[in-house]
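Chemist: no sequence for this one, just the structure:
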């Protein structure tokens with residue numbers, strides 16, 4: 001029973017710092033921190049509870065953001081160290097993928113490079129918990145049509161980073177969709 005987790009356990013008179021997620025009347029999810037003290041009668045039997053719930057949603061969101069930023073900083077710092085330390089291009093690409101997967105917290109990471117003088121994108125390094133499917137895609141032909149909105153095409157055409165937080169919704173070639 002979930003409600004019993006938000007009350008002092010039997011034999012204890014208080015509960016401090018219990019955290020629960022609640023859906024507010026407006027539909028938003030909120031995080032509450034509960035502090036509860038049991039109210040005993042003359043014989044010591046609990047007859048009620050007194051306590052307060054504090055909305056900690058903002059603090060929790062800030063903690064999540066801080067952890068993400070710290071992870072990103074660590075990943076970028078270690079990538080910079082790898083750039084200074086490694087001289088072999090293949091080793092560097094492998095190490096950058098490993099750093100992004102292990103310290104950046106990404107499930108799968110792939111670095112693909114365009115073959116010189118062509119529109120063929122080939123994976124050169126990969127890492128992650130399930131990187132085998134990434135290795136299965138030997139190459140991708142970049143669309144030459146302007147309507148193409150795949151993540152690789154966007155990054156190459158804009159000469160800027162392209163970020164996708166939901167690969168299942170991203171427009172991609174059939175070969176890449178099968179990998180996902």
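Modeler: Good, I have the coordinates. From a predicted model like this one, the values you see are computed outputs, not experimental measurements. Residues are numbered from 1 along each chain as shown.

Chemist: from here on, contacts and neighbour counts on C-alpha atoms
Modeler: Fine.

Chemist: mind listing what's buried in the host helix or strand of residue 156?
Modeler: According to DSSP states H and E, residue 156 maps onto helix 151-158. Neighbour-count burial for helix 151-158 flags 151-154 (criterion: 16 or more other C-alpha atoms under 10 Å).

Chemist: show me what that helix is packed against.
Modeler: Here helix 151-158 touches no other helix or strand, going by 3 or more C-alpha pairs under 8 Å, 6 or more residues apart in numbering; DSSP states H and E.

Chemist: now do it, average pLDDT.
Modeler: In this model, helix 151-158 has a mean pLDDT of 74.

Chemist: what are the pairing partners of the longest strand belonging to the chain, and which direction each?
Modeler: Ranked by residue count, the top strand of the chain under DSSP state E comes out as strand 29-40. The pairing partners recorded for strand 29-40 under DSSP bridges are strand 14-23 (antiparallel), strand 46-55 (antiparallel).

Chemist: for the first one, what is the distance to the chain centroid?
Modeler: Put simply, strand 14-23 sits 24 Å off its chain's centre (C-alpha atoms, centre = their mean, to the nearest Å).

Chemist: and residue 118, that's in a helix?
Modeler: No: using DSSP: H, G, I helix; E, B strand; the rest coil, the secondary structure at residue 118 is coil, not a helix.
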